[in-house]
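# mind looking at a prediction? Sequence and model below.
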Amino acid sequence: MSGRTLVLGGGGITGIAWMLGLLAGLAERGVDLRAADDVVGTSAGSVVGAQLATGVDVEERYAAQLADPTGEVAAGIGKGALLALGVALVGPRDPQRLRARIGRFARSAATMPESERLAVIGGRLPVQEWPERSLRITAVDAHDGAFRVLDRTSGVPLVHAVASSCAVPGVYPPVTTGGTRYIDGGVRSPVNADLAAGAERVVVLAPIIRGLGPQGGVAPQVEGLRAAGSRVVLVSPDPAAVTAIGRNVLDPARRAGAARAGRTQAADVTDAIAAIWTDG
C-alpha cells in the first residue's frame, strides 16, 4: 500500500462550501490536504477536487463562498419529477439496473439547457484543463447505469466531467460527452470512498453519508478500506454544520453559513487528520 488519497463526496452547493471551509481551516492549522497523491471527487466533491488538483488557492475559494448570492436561485426537484423519480426507484434492486432507471428518468426530465449548465460549471473552475496529478471524477452512464471514473485519459474534457458528476437527476440535465450521456456520480454512492482502495492513508470528506442502498453509504466503504489496511479518517458535518447547511443542499443562501461551519469544524478534526496525513 502506498500514497495518500483525498476523497471528496457529494453534497450540493452547501457541500462545496462546507468542504472548502474545512480545507481552509485545516490549512490554517498546518494540515494541507492539497498534498494528496490522488484526489477522488463525486458531484460537489468533483468541483472541489478539480479546484484543488489544478492548484486553485483554497483561501480564495473559501472567500468566494462568503459572497452575497444575489441573483442565484435555490434549485430543487418539483413534485411531479419527485413522483417520477419514486417510480424509477421501484423495481429490481440490482444496482446497475436501478441506476439505469434513474438515468432514464433524468433523460426525460425537464431541466435547464445543457449548455447553460456547462457554463455554470465552467464558471466554478478557474482552470479548465486536466492536471497532471491524479484526479478521478465519478459519473454514471444515463443509458445503461454503468459506473464510470473519468480522468485525464478518458477523453472527456474536465468541465464536462465535473458537470457530469454534478448532474443531479431531475434537477440538472445529463451531460453529453464521450459518446454517451452522464448523470451524477452520487447515484452510485454519495462518496465512492471505495475508489481509494490500495492507498495507505485516506481522508474522506463526506457532506452526505447515506446512499440509495446499503452498498452506497460511506460507512461500509470506509470499513472495507480499514479492513484492507488503510488508515482512514472520515469527516462529515457536525451538528452545527448540519444546522447551517439546512434541508436544501442546493440553496445558495445557505452557502456562506455552511462554509463558516466547515472552517469552525476544522479545529475539532485537525489532530485526527494530522495523525495519519503528516507523520513519517
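Arrived safely. Numbering: from 1, shown residues only.

# CA atoms for contacts and neighbours, from now on please.
Will do.

# in the chain, what secondary structure element scores lowest on mean pLDDT?
helix 79-89 (a mean of 75; mean pLDDT, DSSP states H and E).

# same for the lengthiest helix in the chain, what does it pack against?
Under DSSP state H, the helix in the chain containing the largest number of residues is helix 255-277. The contact analysis (3 or more CA pairs under 8 Å, 6 or more residues apart in numbering; DSSP states H and E) places helix 255-277 against helix 12-28, helix 58-65, strand 201-205, strand 231-235, helix 239-245.

# most tightly surrounded among these?
Mean neighbours per residue, mean count of other CA atoms under 10 Å, is largest over these for helix 12-28, with a mean of 27.

# buried residues in the strand or helix carrying residue 139, which are they?
For residue 139, the enclosing helix or strand under DSSP states H and E is strand 134-141. Across strand 134-141, burial judged by 16 or more other CA atoms under 10 Å covers 135, 136, 137, 138, 139, 140, 141.

# give me the residues contacting that strand.
37-43, 46, 49-50, 53, 99-100, 103, 146-152, 161-162, 164-165, 180-188, 192 (CA atoms under 8 Å, 6 or more residues apart in numbering).

# starting at the chain centroid, how far to the next helix-or-strand element following that strand?
Counting by DSSP H and E, the next helix or strand C-terminal to strand 134-141 is strand 147-150. Put simply, strand 147-150 sits 13 Å off its chain's centre (CA atoms, centre = their mean, to the nearest Å).

# how big is the angle separating the following helix or strand past strand 147-150 from strand 134-141?
Next helix or strand after strand 147-150 toward the C-terminus (DSSP H and E): helix 158-165. Interaxial angle, helix 158-165 versus strand 134-141 (axes from the mean of the first three to the mean of the last three CA atoms, to 10 degrees): 50 degrees.

# for helix 158-165, list the C-alpha coordinates in PDB.
Coordinates of each C-alpha in helix 158-165 appear next as PDB, following Å, rounded to 0.1, in the frame of the first residue of the first chain:
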ATOM      1  CA  LEU A 158     -12.600  18.500 -17.400                       C
ATOM      2  CA  VAL A 159     -15.600  20.800 -17.400                       C
ATOM      3  CA  HIS A 160     -17.800  18.100 -18.900                       C
ATOM      4  CA  ALA A 161     -16.500  15.500 -16.400                       C
ATOM      5  CA  VAL A 162     -17.400  17.800 -13.500                       C
ATOM      6  CA  ALA A 163     -20.700  18.700 -14.900                       C
ATOM      7  CA  SER A 164     -21.500  15.000 -15.400                       C
ATOM      8  CA  SER A 165     -20.600  14.200 -11.800                       C
END
